[in-house]
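A.B. asks: Show me how the following folds:
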Amino acid sequence: MDVLSRHIISFTISKGLNPDCFYGVPEGASKLGIICQFKWARQAPNFKAGSHALPMGRGKVKEHGMLKDRVFLSEPRGRVIILEDVTTTGGSLIDTIEAIKDTPDMQIVAAIGLTNRGEKRADGRSVSEYIKTEYGIQYHSMSEAVDLMPHMFQKHNPSDDIKQSIIADFNNHGERPLALANITL
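C.D. replies: Below is the predicted model:
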């Protein structure tokens, strides 16, 4: 988590993003969000006791109480980047955006996925297209499954049936096909 959080912060800087807060998708990236936020806050010139939130969302929204208590254990503030571990069709990321988008004193400026599996949504759009169109939020992925799979095939050498199945899945449901250049069938 220490190394990963440093990579996320470096990635954030490389994209020219300047958040006030990192927020992990509940249950998927909650811990990662808190660690990134803690490190980000500590490097801020205005860091002091109480200057930054350490936000954490609830996996299941409560039915009663004020919004901040129903959705959060501690709410995000300012310019927020949402972190997601693996993005497939964007379901949990979109649920998170929907749950927090009306939070006062907060603006979602970007979402970052550690790995984008690159599945097209049912409407044929990519997660990036959907989130940009529907919410005006940038989506960035730190890695793409289509780029990782050839390395995984090489490392684990799955059976030809498994390779064929994975390739067919990417070609049928993926935003882009799985490159076959380094894959032996």
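A.B. asks: going forward, measure contacts and count neighbours with C-alpha atoms only.
C.D. replies: Fine.
A.B. asks: just checking, Thr96 touches Val25?
C.D. replies: Yes: Thr96 is in contact with Val25 according to C-alpha atoms under 8 Å; the separation is 6.2 Å.
A.B. asks: Out of these two, name the residue with the larger neighbour count.
C.D. replies: Taking neighbours as other C-alpha atoms under 10 Å, Thr96 and Val25 compare with Val25 leading, 26 against 21.
A.B. asks: Please tell me how far that one sits from His151.
C.D. replies: Going from Val25 to His151 by C-alpha to C-alpha, to the nearest Å gives 28 Å.
A.B. asks: Quick check: the gap between Lys101 and Val109.
C.D. replies: The spacing between Lys101 and Val109, counted by C-alpha to C-alpha, is 11 Å.
A.B. asks: more neighbours, these two?
C.D. replies: More neighbours surround Val109 than the other of Lys101 and Val109, with 18 against 13 (other C-alpha under 10 Å).
A.B. asks: Need the phi and psi values for that one.
C.D. replies: phi -100, psi -20 (degrees, to the nearest 10).
A.B. asks: Then the one 3 residues further on?
C.D. replies: In this entry, Ile112 is assigned phi and psi values of phi -120, psi 130 (degrees, to the nearest 10).
A.B. asks: what's around it, how many residues?
C.D. replies: Other residues lying near Ile112 total 24 when counted by other C-alpha under 10 Å.
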